[in-house]
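> kindly return the folded structure for what I paste below:
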Amino acid sequence: MRLRRQLGLVFALALGLAGCARRETPVERGDRTQTFLLGNLSEPNDLDPAYPDSVETFRIVMALMEGLAQYDAKTCLPVPAVAERWEATPDQRTWTFHLRSTARWSNGDPVTAGDFVYAYRRLLSPRLAAEYASMLFALANGEAFYLGKVTDFAQVGAVAADDHTLVLHLSHPVPYLDKLVCHFAWYPIHRATIEKFGRIDDRGTHWTRPGNYVGNGPFVLKAWHPNQIVRVTRSPTYWNRGEIKLQEVDFLPVEDNATEEAMFRNGEMHETDTIPSDRIAVYERDPTLRGFLHKELYYGTYYYRFNVRVPPLNDVRVRQALAWSIDRRLLVERVTKGGQLPAGNLTPPDRAGFTATAAIGFDPDRARRLLAAAGYPGGKNFPHLEVLFNTSENHRQIAEAIQQMWRRELGISVELLHQEGKVWVDTMRQGNYQIARSSWIGDYLDPSTFLDLMMSTDGNNQTGWSNAEYDRLMNESRQTVDQQRRYALFQRCEQILADECPLLPIYFYARDNLSRPELKGWYPNLLEVHTYTGVSLETAGR
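Numbering: from 1, shown residues only. Modelled structure (predicted):
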């Protein structure tokens, strides 16, 4: 008890809650200047809205860019952004978006409907290899253009009727399109900037560097020092700049959970991305620390990918054995300890009105029978396998627990490998792995945001797995606006995933992190997306 009291006192001193004269901490300076110091877990792969690779990268892109609609800060439902209003035809196949005349790029140019059309042409260009290109397959002929079956983009269902009217013709009804267009895949792009630094479908050009970046969001890019900081400053041209209270946001890419928590204690960060699992109980028990800890629901699933192109993972029985030998309840209770729920399927339960009935459970006897049927009784002669994860103490602890379960229940040994975040993402994209830690956070509040992931044409699949029946069911779900019928089709898709095991579901997310009390307007929500509108730093002395 004495140790906890002493820790609380030290923490209070470090955060400026008590104590005598000393140097101003970065947090205190940020409070004074409205500079938000945000732990952002990993270095962004790029700041191009065509292919962010993580929630953390999207968080930065959302500061720099804006789409037709935006996520509400509390509900994640769509609210007007560049488009001030929109309407759909009764069959949900034609949507018209009316753009506000005050929307501007950071160089002062007006944002027009043509900027959206150009962005969609770019995202659907096969050479760009955008992982989210399939999200625009909802457009009439969008998939055909991506596959080269249609070469004239004028035949794709994105039309600038005039500078302030964008008409989207869809290949199938999409009653949730207003949710969909909040996603970065639907953001506009500044054509002159793209073409100044390369072709429309060049990837990784210097247009995203400070001094070159032209965005239409609430902030502009001021600095980007890899693995140190991405700094954005308040935009003077943003149409809603009067509601932007922050002057600056510093995104701090700190992959090590313990380092991030120490930075928070030392007054170097207003909010962390996460917290080491073994520190959660410390904060919960100590009344001086408890107020900093936040535990929220999150629309996401933590899982392992199987590369089904490589043996022995090309044998469904091996994948099933690995999946059925994991005690997920023990993992969330003894390892992650943050309120997560054991996951036996891909789509999180009780969100958006859908809960999957198919599930992979913990049945070690079944797992051993499956492994024996695959030719490895008791793990005998089982080949070398590697489990890849991005560098993080939490990921390491989970991987070690699963490694022990496989050794105990199946008699097999696996090697654990870790890579820095950007390298890990590229390794999975190239398919140079056997088993890889992964996760999916919903892009919008509908089960399709998870189930689309495993379609053969989805750039984020990255397992080598494809199933014609699965694709057929998902395509059929797109042809109906009947929610009950859609959900019945989704249930069948979840059953296919449970039977074939291209993924090993582990847990459904609960987000645990640390946040300062002066941070206002930064609301928890299921998608963990934040618009920066109305966000401020308020201290008692202000």
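> okay, the closest residue to residue 513 other than its chain neighbours: pLDDT?
Distances taken as CB to CB, 6 or more residues apart in numbering put residue 272 closest to residue 513, at 4.9 Å, once the chain neighbours are dropped. All C-beta spots, glycine's among them, are computed from the backbone N, C-alpha and C. Looking at residue 272, its pLDDT is 97.
> you'd agree residue 79 is in a strand?
Yes - under DSSP: H, G, I helix; E, B strand; the rest coil, residue 79 falls within a strand.
> relative to residue 66, how far out is it?
Distance, residue 79 to residue 66, using CB to CB, to the nearest Å: 11 Å.
> which of the two has more neighbours?
Taking other CB atoms under 10 Å, residue 79 and residue 66 do not tie; residue 66 has more neighbours (26 against 15).
> what pairs with the longest strand belonging to the chain, parallel or antiparallel?
What stands out as the longest strand in the chain, according to DSSP state E, is strand 293-306. Using DSSP bridges, strand 293-306 pairs in its sheet with strand 435-441 (antiparallel), strand 503-514 (antiparallel).
> list the buried ones in it?
293, 295, 297-306 (16 or more other CB atoms under 10 Å).
> pLDDT check: weakest of the residues you listed?
Per-residue pLDDT puts residue 297 lowest of those, at 83.
> wait, isn't that one in contact with residue 510?
Yes - between residue 297 and residue 510 there is a contact under CB atoms under 8 Å: 6.2 Å.
> what about the closest residue to residue 363 other than its chain neighbours, how many residues nearby?
Spatial nearest neighbour of residue 363, chain neighbours left out: residue 324 (5.0 Å); criterion: CB to CB, 6+ apart. Residue 324: 24 surrounding residues under other CB under 10 Å.
> can you check what pLDDT the model gives residue 324?
98.
> from residue 256, how far off is the residue nearest to residue 513?
In terms of CB to CB, residue 272 sits 11 Å off from residue 256.
> those two: who's more crowded?
residue 272 (25 against 14).
> show me the contacts for that one.
39, 260-261, 263-264, 513-515 (CB atoms under 8 Å, 6 or more residues apart in numbering).
> any chance of these in JSON lines, with neighbour count too?
Rendered in JSON lines, the data for those read as follows (neighbours: other CB atoms under 10 Å):
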{"residue": "39", "neighbour count": "27"}
{"residue": "260", "neighbour count": "26"}
{"residue": "261", "neighbour count": "22"}
{"residue": "263", "neighbour count": "20"}
{"residue": "264", "neighbour count": "26"}
{"residue": "513", "neighbour count": "21"}
{"residue": "514", "neighbour count": "24"}
{"residue": "515", "neighbour count": "19"}
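> out of those residues, the closest to residue 367 would be?
Nearest to residue 367, judged by CB to CB, of the contacts of residue 272 is residue 513 at 34.2 Å.
> okay, and residue 398 sits in which element?
Assigned by DSSP states H and E, residue 398 belongs to helix 393-410.
> direction included, what does whichever helix or strand comes after that helix pair against?
Later in the chain than helix 393-410, the nearest helix or strand by DSSP H and E is strand 414-419. Strand 414-419 sits in its sheet next to strand 385-390 (parallel), going by DSSP bridges.
> CA atoms only for the partner strand - export them in PDB, please.
Coordinates of each C-alpha in strand 385-390 appear next as PDB, following Å, rounded to 0.1, in the frame of the first residue of the first chain:
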ATOM      1  CA  LEU A 385       6.700 -22.600 -38.300                       C
ATOM      2  CA  GLU A 386       7.200 -18.900 -37.600                       C
ATOM      3  CA  VAL A 387       4.800 -16.500 -35.900                       C
ATOM      4  CA  LEU A 388       5.400 -12.900 -37.000                       C
ATOM      5  CA  PHE A 389       4.200  -9.900 -35.000                       C
ATOM      6  CA  ASN A 390       4.900  -6.100 -35.000                       C
END
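> now do that strand and helix 393-410, the angle between them.
160 degrees (axes from the mean of the first three to the mean of the last three CA atoms, to 10 degrees).
> would you mark the buried spots in strand 385-390?
For strand 385-390, using 16+ other CB under 10 Å, the buried residues are 385, 387-390.
> nearest to residue 527, of these?
residue 390 (20.7 Å).
> beta partners of the closest one?
Under the criterion used (DSSP bridges), residue 390 bridges to residue 419.
> what sits against it?
Applying CB under 8 Å, 6+ apart, the residues contacting residue 390 are 42, 255, 418-421, 424-425, 437.
> narrow those residues to those that are buried.
The neighbour-count test (16+ other CB under 10 Å) marks 42, 255, 418-419, 421, 424-425, 437 as buried among the contacts of residue 390.
> can you tell me the closest non-neighbouring residue to residue 524?
For residue 524, ignoring the flanking residues on the chain, the nearest one in space by CB to CB, 6+ apart is residue 296 at 4.0 Å.
> so the one you found touches residue 523, yeah?
No - contact criterion CB under 8 Å: residue 296 and residue 523 do not qualify, at 9.6 Å.
> if we can go back for a sec, could the contacts of residue 390 go into JSON lines alongside distance to residue 354 and pLDDT?
JSON lines is the format used below for these (distance: CB to CB, whole Å; pLDDT from 0 to 100):
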{"residue": "42", "distance to residue 354": "30", "pLDDT": "88"}
{"residue": "255", "distance to residue 354": "33", "pLDDT": "89"}
{"residue": "418", "distance to residue 354": "34", "pLDDT": "95"}
{"residue": "419", "distance to residue 354": "34", "pLDDT": "95"}
{"residue": "420", "distance to residue 354": "35", "pLDDT": "91"}
{"residue": "421", "distance to residue 354": "30", "pLDDT": "86"}
{"residue": "424", "distance to residue 354": "30", "pLDDT": "93"}
{"residue": "425", "distance to residue 354": "28", "pLDDT": "89"}
{"residue": "437", "distance to residue 354": "25", "pLDDT": "97"}
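> tell me the domain boundaries of this protein?
As given by automatic domain parsing, the domain ranges for the chain are 2-43+221-272+515-537, 66-213, 296-511.
> of all those domains, which one is nearest residue 287?
Once those are compared by CB to CB, domain 2-43+221-272+515-537 is nearest, at 7.4 Å.
> report the distance from the closest one to the chain centre.
Relative to the mean C-alpha coordinate of its chain, domain 2-43+221-272+515-537 is positioned 20 Å out (CA atoms, centre = their mean, to the nearest Å).
> backbone dihedrals for the residue nearest to residue 513, both of them.
Main-chain dihedrals, residue 272, degrees, to the nearest 10: phi -100, psi 160.
> one step back: could you dump the buried ones among the contacts of residue 390 to JSON lines with distance to residue 533?
Output for the buried ones among the contacts of residue 390, formatted as JSON lines (distance: CB to CB, whole Å):
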{"residue": "42", "distance to residue 533": "25"}
{"residue": "255", "distance to residue 533": "29"}
{"residue": "418", "distance to residue 533": "37"}
{"residue": "419", "distance to residue 533": "36"}
{"residue": "421", "distance to residue 533": "28"}
{"residue": "424", "distance to residue 533": "32"}
{"residue": "425", "distance to residue 533": "29"}
{"residue": "437", "distance to residue 533": "34"}
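> from the residues you listed, pick the one nearest residue 317.
Looking across the buried ones among the contacts of residue 390 and measuring by CB to CB, the closest to residue 317 is residue 437, at 22.5 Å.
> list the contacts for the closest one?
By CB under 8 Å, 6+ apart, the contact set of residue 437 is 302, 304-305, 387-390, 395, 398-399.
> picking that back up, tell me which of the strands paired with strand 293-306 sits nearest to residue 469.
strand 503-514 (16.8 Å).
> no more questions from me, cheers.
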